[in-house]
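Trainee: A predicted structure for the sequence below; I have some questions about it.
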Amino acid sequence: MPISIESDEWNESPSIDILEVEVERFLRKNPEKAYTVSEITDHLTDEKPTVFPEKLLTDERDADSSRLALVTSRLEKLVWHNRVEARSLDGQLYYTDDEDGWFPIAELERDIPSRFIGVEQEIEEIKERLDGLQMVLENHDQFPDEFDLQ
């Protein structure tokens with residue numbers, strides 16, 4: 001059931017994804033090991049159950065599958081952002097902390113502006129050339145008849 005974004009319930013709820021934070025914290029505390037999704041999920045279920053919705057804290061198979069899906073989605077996001085490393089071993093994915101962590105967004109914020117500076121300079125040069133050509137075309141009567149504008 002939808003809730004109003006004007007409601008106290010919405011405004012007082014945390015905007016941080018606690019599950020993602022705890023997944024990353026667990027891997028950072030254990031950087032010498034790699035874990036499967038099941039192992040990470042079991043640890044969080046036992047040690048940090050509040051990261052899951054209450055209705056998923058049962059022993060039912062559907063609840064277990066839902067917890068696995070939630071943890072998997074956070075792990076894949078962390079892999080995408082290069083904060084966690086994943087490797088496939090014996091048909092299973094294992095995850096570990098990526099100590100070096102490459103931060104593509106930060107790299108983009110640094111590289112894109114410098115690329116635009118070069119593009120801006122090229123645009124300025126082209127504009128100057130076009131202004132010169134426009135001046136020549138507007139004042140073509142000042143040139144001798146045999147002057148070739150091409």
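Mentor: Yep, it's here. Remember, predicted model here, so these are calculated numbers, not experimental data.
Trainee: what segments of the chain are helices?
Mentor: 8-11, 18-29, 37-47, 61-80, 104-138 (DSSP state H).
Trainee: for those helices, which one sits closest to Pro2?
Mentor: helix 8-11 (10.2 Å; Cβ to Cβ). Using the backbone N, CA and C atoms, a C-beta is placed for each residue, glycine as well.
Trainee: where does pLDDT dip in the protein?
Mentor: 101-111, 113-114, 140, 143-150 (pLDDT under 70).
Trainee: which parts of it belong to which domain?
Mentor: Per the record, the chain has its domains at 15-97, 104-142, by automatic domain parsing.
Trainee: comparing the ones you listed, which comes out most buried?
Mentor: For the domains of the chain, the largest average neighbour count (mean count of other Cβ atoms under 10 Å) is found in domain 15-97, namely a mean of 15.
Trainee: pull up the distance across it, start to finish.
Mentor: End-to-end distance for domain 15-97, by Cα to Cα, to the nearest Å: 23 Å.
Trainee: how far off centre is that domain?
Mentor: In terms of Cα atoms, centre = their mean, to the nearest Å, the centre of domain 15-97 is set 18 Å apart from its chain centre.
Trainee: what do you get for stretch 121-135?
Mentor: 38 Å.
Trainee: who touches that stretch?
Mentor: Residues outside stretch 121-135 that contact it (Cβ atoms under 8 Å, 6 or more residues apart in numbering): none are found.
Trainee: picking up where we left off before, Gly91: which of the helices of the chain is closest?
Mentor: Distance to Gly91, taken as Cβ to Cβ, is lowest for helix 37-47 among those, at 13.0 Å.
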